[in-house]
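Asker: sequence unknown, structure follows:
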């Protein structure tokens, strides 16, 4: 019998919750958040890892090997920004199928290096192994900011924001799958997503930001995780989701509702965060407010659609592995 | 056309050699050694990663899922000891085949946790993904000691040591493959190898140790890497290799030469190190001296068998992935 990822992840989070001995050794945040936080000799180090597997996380029919490298690194570094940390170094494990051409391997390394350079950080090591399918595992190490932002800090009345558009990656994926020509902006969003470097730096300095995470498995899914960690509910204004005109057009062409799709589409790598009012002007100006945190709730959630009268509970969907 | 691991690794080491910008950001040792060294806010952080894949690195006919977890973590932490660093935290990515039983997954986690506890360090995060075969990738983060020991410090006249027995893991592997009953000590050496915690701590404090690495792909192969990094040759006294009586008996039963097999057998996870004479007494007492470093050589090597008159050049064999 299989096991759903969410329940397995929760079991693991319980099992790996840092104990007294771990805390004494400097572990300040363990498994369960976007990144872990460990104090080493007076420095706060943020640590995270992210794996992608061919056929599960990407499809080589539309991905070049260079894209695979670029995207895998973006996904890992995104978790550092989500905690307000600054990337310093990466370790990369590549599982390479037998008979892979050297040019492909070089192209994979090139994509990884290009992404690392954009984040002003260095690939300092790794491991190569043979694997039945192409896979990459990227470990990102960063310097934590003055504040280490977690998923658990949201409180009733906080406003919910996202740092950039959602749904573009999903729009591209659906078009690729249908064999359609994918507009350039959507292609880039899916194949070479840029992690939210600027927003991460900006928001890590803002004392009114109460909780933060990145959107990797879909906005609704990730918001529900933030709610669970913070033990609160949330009210979403779906029409306020920032969806680009390219993504809207793509969804419409596919006969799908843009807002609904953008809410469940994964791999956006924007930051989802909550802000304690009054919301500073630069935040209101730069980022999209998409709702607010509602009453405390011991299990987290539900998420309401605030555009319905009365507000209606939303069904949480998104990307989950199945085992 | 495939590519041999060694040449690919060398190309990667060249490509990822830290440049000026990397050094300014604190990268002191990049890819190519057992671990990397990065300076973060006044702390020297050692970083390494190690992956294992079912069917390539382990066989589930003899490995329990718990053994897989234990061994994968040992292999990663061994690289930290090889640099004189102390483990602090681990990140673990597990690629799980579809339909894996929850009890197996729990057992894998249990093996990982048991190994982490032995090294007084904490698993602070990870990633779960679906994969065609069981695979684990363990990233180990440690605090560097006062000295960061590298492969490149050996000089002519240094004595070569290993911190423990070699060949036991290979003896077990060959017996497993032949379907023989494997003695308990050899089973443990193959399925649940202990990384050299005590030796790592001990040797990291010793100023006369000039170079160090761990033996993971076979003593001869790894010694030849040390020679290449240090640009020296080496003279080995094969009969001085510490091989346990159980391993000797096993190799004989298999009709193989114990010393020869011990020299090429991988996954010993002992430390291979060189010491500038005069060798301190505690080192002479605790560890096995197996040879000495010979003349400088721009490409590293050759390795001579010093028991032959005149000394005869040895053929370097060991474990390499093929792509």
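Answerer: Done, it's in. Computed from a predicted structure; not experimentally measured.

Asker: where along chain A do the strands fall?
Answerer: Assigned by DSSP state E, chain A shows strands spanning A:27-29, A:36-40, A:43-53, A:86-96, A:122-130, A:135-143, A:159-162, A:209-214, A:232-236, A:271-275, A:288-296, A:303-305, A:312-313.

Asker: packing partners for the fifth one?
Answerer: Contact partners of strand A:122-130 among helices and strands, from 3 or more C-beta pairs under 8 Å, 6 or more residues apart in numbering or on different chains; DSSP states H and E: strand A:86-96, helix A:102-118, helix B:5-15, strand B:27-29, strand B:36-40, strand B:43-53. Using the backbone N, CA and C atoms, a C-beta is placed for each residue, glycine as well.

Asker: tell me which of the strands of chain A sits nearest to residue B:114.
Answerer: Between residue B:114 and these, the tightest spacing by C-beta to C-beta is seen for strand A:27-29, at 17.7 Å.

Asker: leaving out chain neighbours, which residue sits closest to whichever residue of the stretch 101-250 of chain A sits closest to chain B?
Answerer: Nearest to chain B in the stretch 101-250 of chain A, going by C-beta to the nearest C-beta, is residue A:124, at a distance of 3.6 Å. Among residues not flanking residue A:124 along the chain, residue B:36 sits closest, at 3.6 Å (C-beta to C-beta, 6 or more residues apart in numbering or on different chains).

Asker: how far away is residue A:67 from residue A:185?
Answerer: According to C-beta to C-beta, to the nearest Å, residue A:67 and residue A:185 sit 15 Å apart.

Asker: and these two? which has more neighbours close in?
Answerer: residue A:67 (21 against 16; other C-beta atoms under 10 Å in any protein chain shown).

Asker: surely that one and residue A:110 touch.
Answerer: No: Residue A:67 lies out of contact with residue A:110 (C-beta atoms under 8 Å); the separation is 10.5 Å.

Asker: which residues does the residue nearest to residue A:124 bridge with?
Answerer: Residue B:36 has these beta-bridge partners by DSSP bridges: residue B:47.

Asker: quick one: it from residue A:180, how far?
Answerer: For residue B:36, the distance to residue A:180 (C-beta to C-beta) stands at 43 Å.

Asker: more crowded one of the two?
Answerer: Shown here are residue B:36 and residue A:180; by other C-beta under 10 Å, residue B:36 has more neighbours (30 against 13).

Asker: the more buried one is in contact with residue B:26, isn't it?
Answerer: No: in this structure residue B:36 lies outside contact range of residue B:26 using C-beta under 8 Å: 10.8 Å.

Asker: OK, contacts around the residue lying closest to residue A:72 once chain neighbours are set aside?
Answerer: In this structure, residue A:72 finds its nearest non-sequential neighbour in residue A:136, 4.2 Å apart by C-beta to C-beta, 6+ apart. The neighbourhood of residue A:136, defined by C-beta atoms under 8 Å, 6 or more residues apart in numbering or on different chains, consists of A:51-52, A:68-69, A:72, A:92-95, A:108, A:112.

Asker: how about residue A:43?
Answerer: Residues counted as contacts of residue A:43 (C-beta under 8 Å, 6+ apart) are A:143, B:40-43, B:45.

Asker: top of these by number of neighbours, please.
Answerer: Counting neighbours by other C-beta under 10 Å, residue B:45 leads these with 29 neighbours.

Asker: what's the pLDDT at the closest residue in space to it that isn't next to it in sequence?
Answerer: Nearest residue to residue B:45 in three dimensions, chain neighbours excluded: residue B:38, at 5.0 Å (C-beta to C-beta, 6+ apart). Note for residue B:38: predicted pLDDT of 96.

Asker: also residue A:120?
Answerer: 95.

Asker: per-residue pLDDT, the closest residue to residue A:200 other than its chain neighbours?
Answerer: Counting by C-beta to C-beta, 6+ apart, residue A:200 lies nearest to residue A:81, which is 2.8 Å off, once chain neighbours are set aside. Residue A:81 is assigned a pLDDT of 97 by the prediction.

Asker: residues near residue A:81, how many?
Answerer: Close neighbours of residue A:81, defined as other C-beta under 10 Å, add up to 33.

Asker: need the contact list for it.
Answerer: Contacts for residue A:81 (C-beta under 8 Å, 6+ apart) come out as A:195-197, A:199-201, A:214, A:271.

Asker: a markdown table for these, including distance to residue B:164, neighbour count and pLDDT?
Answerer: Shown next, in a markdown table, are those (distance: C-beta to C-beta, whole Å; neighbours: other C-beta atoms under 10 Å in any protein chain shown; pLDDT from 0 to 100):
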| residue | distance to residue B:164 | neighbour count | pLDDT |
| --- | --- | --- | --- |
| A:195 | 43 | 27 | 95 |
| A:196 | 48 | 24 | 96 |
| A:197 | 46 | 18 | 96 |
| A:199 | 50 | 22 | 97 |
| A:200 | 45 | 27 | 96 |
| A:201 | 47 | 13 | 94 |
| A:214 | 44 | 28 | 96 |
| A:271 | 48 | 27 | 98 |
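
Asker: now those residues in JSON lines, with distance to residue B:290?
Answerer: Shown next, in JSON lines, are the contacts of residue A:81 (distance: C-beta to C-beta, whole Å):
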{"residue": "A:195", "distance to residue B:290": "48"}
{"residue": "A:196", "distance to residue B:290": "53"}
{"residue": "A:197", "distance to residue B:290": "50"}
{"residue": "A:199", "distance to residue B:290": "55"}
{"residue": "A:200", "distance to residue B:290": "50"}
{"residue": "A:201", "distance to residue B:290": "52"}
{"residue": "A:214", "distance to residue B:290": "50"}
{"residue": "A:271", "distance to residue B:290": "54"}
